[in-house]
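Chemist: Here you go, sequence then predicted model.
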Amino acid sequence: MKKVIILSLIALFCASFSVNAQNSNTGKKDAAKTEQTKAKGKVKVAEITFESLEYDYGNIYKGDNGECSFKFKNTGKAPLTITNCRASCGCTVPSWPKDPIAPGKTAVIKVKYDTNRIGTINKSITVSSDAVNNSVVLHIKGYISEKPAESVPAQQAPMMKAN
């Protein structure tokens, strides 16, 4: 009985080793084939290139417009699809094109920051896509302060009419 169990285990081990060796060789062949195809330039991939990775609001006041845009171009050879844009905080809301961007075309990711918060702005937006550089991080920065008090002219005393 012990011999049967031992022989079964040995057979099982040999079979699994053989399958792993075949899968390993197949994976190496597939990787080599992909590299050859890339070398020949037949693989068409998208690539996202931003004009700028950072937007600086500078010094702005509470309640000012918190919108900015990040312009980008598909510099690859295949259509580019942005799958998600995720901000580091709920006070930052990105919007992006849902349709694929053709090679050579440009598009814009818009970002809205809630400027009702006083203090430093330092947020990031992670752009996920099917491009070669599939994850790009954008940054917004600046400083929000209270609006200065508006000077109100002193009320003048009513003028008395002369009789």
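Modeler: That came through fine.
Chemist: What is the neighbour count of the residue lying closest to N134 once chain neighbours are set aside?
Modeler: In space, and not counting its chain neighbours, N134 is closest to S128: 6.4 Å by CB to CB, 6 or more residues apart in numbering. (Glycine included, C-beta is placed from N, CA and C.) By other CB atoms under 10 Å, the residues close to S128 number 15.
Chemist: which helices and strands does the helix or strand where V111 lies pack with?
Modeler: Per DSSP states H and E: V111 is located in strand 106-113. Contacting strand 106-113 under the criterion 3 or more CB pairs under 8 Å, 6 or more residues apart in numbering; DSSP states H and E are the following elements: strand 67-74, strand 82-87, strand 92-95, strand 119-129, strand 135-145.
Chemist: CSV please, covering those and showing mean pLDDT and distance to K112.
Modeler: Output for the helices and strands packed on strand 106-113, formatted as CSV (pLDDT from 0 to 100; distance: least, CB to CB, whole Å):
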stretch, mean pLDDT, distance to K112
strand 67-74, 97, 5
strand 82-87, 97, 10
strand 92-95, 96, 5
strand 119-129, 97, 11
strand 135-145, 97, 10
